[in-house]
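In: Got a sequence here, can you build the structure:
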Amino acid sequence: MASIFGFRSRDPARDRQSDLQRFDRLARLLDQIATEIEAEKTGLENRYRSKATNAAFLVEAMENGSASTSKVSEVSELTTSILNYERRIAALARQNSLMKELRHSLDAIVEENGESPQAAGLAARGR
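Out: Residues are numbered from 1 along each chain as shown. As a prediction, this is how the structure comes out:
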């Protein structure tokens, strides 16, 4: 049987430092993922605007008779592409919201432990 008198606990300051290091790694990961999501969303929004503009001009040209009605399949392809962009952009917006919620929760945990996120080394992102 092991004696309880031989047990030594760690210094609470050391425990807190270990926790803050873990929280900092997690904060950096969440920030990195949020940055990736935002970059993908920005790229898709640019391509979306381009496709929407092309579709609008093509439909207008068809209505004015300056483009053949055989371009209907091209309009259909552009429409499908636009709808896919909209779905993906909405999914990325939800993911970005989740990253913000997770980051806010992480900051709250750090604050509960008596540290401000900035003092703890968790870089504040524009949330």
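In: Need the phi and psi values for Glu115.
Out: phi -120, psi 150 (degrees, to the nearest 10).
In: In which helix or strand does the closest residue to it other than its chain neighbours reside?
Out: Leaving aside its chain neighbours, Glu115 sits nearest to Leu20 (6.8 Å; criterion: Cβ to Cβ, 6 or more residues apart in numbering). For the C-beta atoms, the positions are set from N, CA and C on the backbone; glycine is no exception. Using DSSP states H and E, Leu20 sits within helix 12-64.
In: What helices and strands are in contact with the helix or strand following that helix?
Out: Once the chain leaves helix 12-64, the next helix or strand it forms, by DSSP H and E, is helix 72-112. Judged by 3 or more Cβ pairs under 8 Å, 6 or more residues apart in numbering; DSSP states H and E, helix 72-112 is in contact with helix 12-64.
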